[in-house]
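Asks: Pasting the sequence and the predicted model now:
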Amino acid sequence: MIPALTIPTPPLPVPARRSRWRRYELSLVGGVFFALVIFATAFAPLLTPYNPELPNVTSRFKLPSLQHPFGTDDFGRDVLARVLYGGRPILFTGFASVLAALVVGILIGTVGALYRGWIDLLLMRLMDVMLSFPSVLLAILIVAALGTGLANMIVAITFFMVPVFARLVRAIVLTLVYQDYVLAARAMGAGDLWLIRRHIFPNLLPPMIVQASAMLAVAISTATALNFLRLGVEPPTPDWGLMVADGQRLLFDAAHVPFFPGLAITLTLLSVNFIGDGLRDHLDPKLRRRL
Amino acid sequence: MKYLFTRLLWLPVVMWAVATLTFITLRIVPGNYIESVANQILDPEQIARVQAIWGLDRPITEQYAAFMSDLVRGDLGLSMSSGIPLSRLIFERMPPTIELALVAMVISTGIGMAVGIVSAVTHNRLVDYATRTFAVLWLSLPLFWVAMMLIVIFAVQLRWMPASGRIDARLDYEVITNFMLIDHVLTGNRAALSSFVHHLILPALAIGLTSSGFVARLTRSAMLEIVHSDYVRTARAKGLSERRVILKHALQNALLPIITLQGLQFGTLLGGAVITEIVFTRPGMGRMLLDGILKRDFPVVQGAVMIVAFVYVVINMLVDIIYHVVDPRLRHS
Amino acid sequence: MSRRRTLSWWLALLALSLLLVPAVSAQQTGGTLVVAAESMGDSLENGLWSGFGTVNVLDNIGEGLVRSDFVSGEPTPGLAESWTISEDGLTYVFTLRGGLTFHDGTPVTAEAVVRSLTRDSNESDPAYIAGMYMFPGHGTTNWESLTATDASTVTLVLKTPDATQLHRLARPSAYILSPAALDAQGANIGTAPVMAGPFRLERFVPGQEAVLAAFDGYWAGRPFLDQIIIRAFPDEASILAALEAGEVQFTTNAPFLSVPRLQQSDNIRVEVGPALVDLFIGANVADEVTGNRDIRLAVNYAINRDNIILAGLNGFGELPASILSPTDLGFDESGRSISTYNPDLAREHIAKSGLATPIAIELAYENNRFWPVLAELVKADLEAVGFTVTLAGLDSGSFWGKVADGDIQLSINQRSTFVPDPNDKTSILHSVNSPGGQTRHELLPTAAEMDALLDAALQATDSATRVELYRQIQALALAEMPYIYLAYLTPPVFVADSVQGVPVGAAAAGRATLREVYLSN
């Protein structure tokens, strides 16, 4: 049934004998690739001579060639140029919404944990309600209310990620606040700010980095999904999700048009996930012991 | 028992909050289907009359009170663009989405757990690396992209499966609950059942495959944690066969976090169903929601969002209860 | 007549009948046709407008007193076998066909006709849904009275003459419903309408698909097909996939650019429809920039329409001459010279406008089908002569909302020949009684003059007068140019190779009745 079961499991605990490099090699590959993606989208104008939005009817549906490595689309636009520029809204949405959700989440979680009482109750119940919506649905609902566009998409994605951060922060802060030495220090008159600066922030940082890297992948994939459903950025702005949606009708006539943006999304998400894994392995002490 | 009771009591509170949040969100920005149509073709007096019929001229608090009192009586109102009661639309659209999400869940759990177990028992060997990379790859592939590829390969090139629809519309069948799996089994309609399953495979596979990555990773880490626990070491020391140790002891304990994940995953699966329905032209809440948004038919958007949230909350509650029943530690405390 | 000669006559007759037999029997009865539509309403309530997919269903299950022939532009008998119109053009007397029944077997009576045609203003009708009937369907606001004179005669009296009244009675909103069904279904009639058209509704999945079955009791005989399935698809891409997978046999909504490849394929055929649909840019005359006539003319001359037809419509278009189609009564060819590409003239008009270049301008369009392509091409053309164009691609809902609000400078739009009469498009786009926010044409200095012409043309009973009036209307529209014509669309109709008898003209207008369609082996 499960052939692997015949192989005996190695006796444990065995400290990993692999070198540091070997252990993180996938994460390193991911990190390098993601850096390349950021570089390529940021410096897109220097990397391609073509305008990603301007139609050029004389060169439509060109197959990939030296002149157009990814071919051209139904407007005669260079697909490589559009893929290079098309990462901008996605990556921007990813970083901006994770950052915003992180800030709001830390604020809500810390306030809740430190002040407890009705404010904590209210905030946490609100978070519960927000978590009662499937995430993509909550994002769609907000876009329905605010309308499409990059800014609204960022708001929508931020919105559903806030409770994830807020709950985690609250749980961590609660365990910190009730540690004996903290209780003692507070009894001696140490203020909230001291607590936040000296104890909460440093202890919050590693799990937040792990969580943020995981949420970056979620944010990016939600952003591409919203753009695919045409609820995000508007054409002719190049964007990977939108390019796949637009290219869908070319699937049988010029498959390269939807293929390359789809590949870009996959590779970017793959690299972000590898980075996230590496960070988690490195920063989560419980996991580190096991690897 | 007491726990179950508090959980059940909590449900209406959550639903009230969900309804309120949806109501507020959809009224942040003015404008809706009725108003945009009326503004295009009617004179001001007629516009006022139409607004009065739909209650759009009343203050927002009154609209909220009316909405809530209707909701309590189970009345979700009428669609603005078609005049059809929301209850009817939900009867048509909710079952296909739930079916899709549930079958996708079975596929993702099946594939995910198998891969996770293989990965765990081959810990840090080549097979482990391969399966782990496989898991990350699947959770990195955009769902809509996978759905498109499945259509190109299996529907257009090979013609093994259909590219669109929920069932072959030429067939004669009866609609009872509109959950086709139930209906066709009840009526013993074999042709309809097989056509239904045929139409379900590709979309469910698209969602199932892309979400199997999460399950695989979770299974692997849960299994590793347990395989290396004293409990399993004792079992092994007792001389039990490796297969028995893994399947009986380790897997049983790893089931708990997997069940929890499935509850949370169900939201992702429902979201995935929304996207997949679009690509595969299936009826469902996704199409209903997007059509509602496009037409600015807000009763439809509201109904769709609330019903999906409701299903999600109920499923999570069920998972929570199962968890309590299954977990011996929680049972004894 | 000699015997031999008689024999040869008989032989000739036999030969002729042998020739005729295959021709007749080729129209085989049976089979299912799957039609891909761009949308489907949640309701088939014919008093509401809910998109072309719904109209496709209604056009096959329903019928009014009159049918419209989209090729000749003539009204033809429907449920009424004949009618008379009084000298003054005010009184219409319709005679119903004898022995007609609805799909539920109940008879089609004059009372049923009156009830169906007036139910959108009858609040006591059980099927009346308050606050829904906003579209001026078949002209009831101009009706003095509609009465059932006897069981098979209906008399309609108008307030003012209306040359399009017969065609209006062929619109879906004027299809006759079974009173028994109206009573039984009440406000849910939209999910199970019972009419008297060539097909009956077998199953309806709101927003998704309708399954129709041949109606044996149809007055012109049972249709050839056994079954029609009309299914809504979210976009062109999924229609194309379903077409390629052999799941769809009839559609007008596949991507144009796939035509060359599909024409090569063995199982799909592409037929080209007549020029019944106009594509144009509406210019908002209430706006400071687009309110300037020279700017509107500059936009007109800046556009390279050959390029639009080639690149935007993949060749499925013709150069425009007017808002009217070449087949319309009173169509004036001379407008074609104005719709020409002349960037120098465009720059001259910009200079004359007195506005400083670059002139910022916003162009809105619907975010689906070929609209984004057209928008991009227009943008490039306009920027070449001194505009800077901001594109606003909107989903249908937001687009029409914004158009209604009247805060768009330029918007790309279309008009199809929903009713084959020149009044249809001209009065919607130019009459002060149809205040479209798109151009705010009611603010033009010539609005009163235009309105008088439209009224005269609508009320004229003799066609020579109407031809003359519509020529003047077209000339006036071109002089002020609130609408800048882009092209006539000659839409491709995609059918499986086995599909025969395709009504290309009606399909191009989005009003295809598939009664005469059949499947060959």
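Replies: Cool, the structure landed.

Asks: Could you list the residues of chain A in contact with chain C?
Replies: A:53-55, A:57, A:60-61, A:74-76, A:147-148, A:230, A:234-236, A:246, A:248-253 (Cβ under 8 Å from any Cβ of the partner chain). C-beta here means a position set from N, CA and C on the backbone, and glycine is covered the same way.

Asks: Okay, and which of these map to helices?
Replies: A:Asp246 (DSSP state H).

Asks: What average pLDDT does the helix or strand harbouring C:Thr54 get?
Replies: In this structure, C:Thr54 sits in helix C:52-61 according to DSSP states H and E. Rounded to a whole number, the mean pLDDT of helix C:52-61 is 93.

Asks: Who are the packing partners of it?
Replies: strand C:32-37, strand C:199-205, strand C:209-214, strand C:227-232 (3 or more Cβ pairs under 8 Å, 6 or more residues apart in numbering or on different chains; DSSP states H and E).

Asks: okay, the ones you listed in JSON lines with distance to chain A, mean pLDDT and mean neighbour count next?
Replies: Shown next, in JSON lines, are the helices and strands packed on helix C:52-61 (distance: least, Cβ to the nearest Cβ, whole Å; pLDDT from 0 to 100; neighbours: other Cβ atoms under 10 Å in any protein chain shown):
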{"stretch": "strand C:32-37", "distance to chain A": "13", "mean pLDDT": "95", "mean neighbour count": "24"}
{"stretch": "strand C:199-205", "distance to chain A": "22", "mean pLDDT": "94", "mean neighbour count": "22"}
{"stretch": "strand C:209-214", "distance to chain A": "21", "mean pLDDT": "95", "mean neighbour count": "23"}
{"stretch": "strand C:227-232", "distance to chain A": "16", "mean pLDDT": "95", "mean neighbour count": "24"}
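
Asks: Relative to the whole chain's centre, how far out is the helix holding C:Thr54?
Replies: 12 Å (Cα atoms, centre = their mean, to the nearest Å).

Asks: Other residues contacting it?
Replies: Helix C:52-61 has contacts (Cβ atoms under 8 Å, 6 or more residues apart in numbering or on different chains) with C:35, C:37-41, C:43-44, C:46, C:103, C:172, C:175, C:193, C:195, C:197-201, C:204, C:210, C:212, C:228, C:230, C:232, C:510-515.

Asks: again with stretch A:25-40
Replies: A:21, A:47, A:84, A:87, A:91, A:264, A:267-268, A:270-275, A:277-279, A:281, B:133.

Asks: and if you look at stretch B:17-35?
Replies: The contact list for stretch B:17-35, computed with Cβ under 8 Å, 6+ apart, reads A:125-126, A:129-130, A:132-133, A:141-142, A:144-147, B:47, B:50-51, B:54, B:56, B:60, B:63-64, B:67-68, B:71, B:80-81, B:295-298, B:301-302, B:305-306, B:309-310, B:313, C:131, C:397, C:401.

Asks: now swap in stretch A:192-201 and tell me
Replies: Contact with stretch A:192-201 is made by A:Thr110, A:Leu114, A:Val173, A:Leu176, A:Val177, A:Val182, A:Ala185, A:Arg186, as judged by Cβ under 8 Å, 6+ apart.

Asks: Return the set of buried residues in the helix of greatest length in chain B.
Replies: Assignment by DSSP H gives helix B:190-227 as the longest helix of chain B. Neighbour-count burial for helix B:190-227 flags B:192-193, B:195-196, B:199-227 (criterion: 16 or more other Cβ atoms under 10 Å in any protein chain shown).

Asks: show me the contacts for the closest residue to chain C within the stretch 201-333 of chain B.
Replies: For the stretch 201-333 of chain B and chain C, the shortest gap (Cβ to the nearest Cβ) falls at B:Pro283, measuring 4.0 Å. B:Pro283 sits next to B:Glu92, B:Arg93, B:Pro96, B:Arg166, B:Glu277, C:Val205, C:Gly207, C:Gln208, C:Glu209 when contact means Cβ under 8 Å, 6+ apart.

Asks: Show the buried residues in the residues you listed.
Replies: B:Glu92, B:Arg93, B:Pro96, B:Arg166, B:Glu277, C:Val205, C:Gly207, C:Gln208, C:Glu209.

Asks: and of those residues, the nearest to A:Pro258?
Replies: Closest approach to A:Pro258 among the buried ones among the contacts of B:Pro283 (Cβ to Cβ): B:Glu277, at 19.2 Å.

Asks: so that closest one, which of the three states?
Replies: helix (DSSP: H, G, I helix; E, B strand; the rest coil).

Asks: check contacts around it.
Replies: B:Glu277 touches B:Pro96, B:Thr97, B:Leu100, B:Pro203, B:Pro283, B:Gly284, B:Met285, B:Gly286, B:Arg287, counting by Cβ under 8 Å, 6+ apart.

Asks: if you set the cut-off to 10 Å instead, what comes out?
Replies: B:93, B:96-97, B:100, B:147, B:166, B:203, B:283-290, C:234 (Cβ atoms under 10 Å, 6 or more residues apart in numbering or on different chains).

Asks: out of the residues you listed, which are inside helices?
Replies: Short answer: the contacts of B:Glu277 in helices (DSSP H) are B:Arg93, B:Pro96, B:Thr97, B:Leu100, B:Ala147, B:Pro203, B:Met285, B:Gly286, B:Arg287, B:Met288, B:Leu289, B:Leu290.

Asks: Can you narrow these down to the ones near chain C?
Replies: Among the ones in helices among the contacts of B:Glu277, the residues that sit close to chain C (Cβ under 10 Å from any Cβ of the partner chain) are B:Arg93, B:Pro96, B:Gly286, B:Arg287, B:Met288, B:Leu290.

Asks: Tell me which two of those sit farthest apart.
Replies: Farthest pair in these, by Cβ to Cβ: B:Pro96 and B:Leu290, 14.5 Å.

Asks: Break chain B into its domains for me.
Replies: Chain B resolves into domains spanning B:2-72, B:94-295 when parsed by automatic domain parsing.

Asks: now do chain C
Replies: Per automatic domain parsing, the domain ranges recorded for chain C read C:27-60+C:197-273+C:492-521, C:63-189, C:277-489.

Asks: ranking those by burial, who's on top?
Replies: domain C:27-60+C:197-273+C:492-521 (a mean of 22; mean count of other Cβ atoms under 10 Å in any protein chain shown).

Asks: which residues sit in contact with C:Ile308?
Replies: Residues in contact with C:Ile308 (Cβ under 10 Å, 6+ apart) are A:57, C:279, C:317, C:319-320, C:341, C:370, C:373-374, C:377-378, C:381, C:486-487.

Asks: ok, 6 Å please
Replies: Residues in contact with C:Ile308 (Cβ atoms under 6 Å, 6 or more residues apart in numbering or on different chains) are C:Leu377, C:Leu486, C:Ala487.

Asks: what's the lowest-pLDDT member of the residues you listed?
Replies: Among those, C:Leu377 has the lowest pLDDT, at 90.

Asks: helix/strand/coil for that residue?
Replies: Under the three-state scheme (three-state DSSP), C:Leu377 adopts helix.

Asks: And for the one 5 residues further on?
Replies: Each residue gets one of three states, and C:Leu382 gets helix by three-state DSSP.

Asks: Mark which of the ones in helices among the contacts of B:Glu277 are buried, thanks.
Replies: B:Arg93, B:Pro96, B:Thr97, B:Leu100, B:Ala147, B:Pro203, B:Met285, B:Gly286, B:Arg287, B:Met288, B:Leu289, B:Leu290.

Asks: if you skip the residues just before and after it, what's nearest to the second one?
Replies: Read that as B:Pro96. In space, and not counting its chain neighbours, B:Pro96 is closest to B:Gly284: 4.4 Å by Cβ to Cβ, 6 or more residues apart in numbering or on different chains.

Asks: which ones are touching the one you found?
Replies: Shown in contact with B:Gly284 (Cβ under 6 Å, 6+ apart): B:Arg93, B:Pro96, B:Thr97, B:Glu277.

Asks: Which phi and psi values does the residue nearest to the spatial centre of chain C adopt?
Replies: For chain C, the residue nearest the mean C-alpha position is C:Phe418 (2.7 Å; Cα atoms, centre = their mean). C:Phe418 adopts backbone torsions of phi -70, psi -30, taken as degrees, to the nearest 10.
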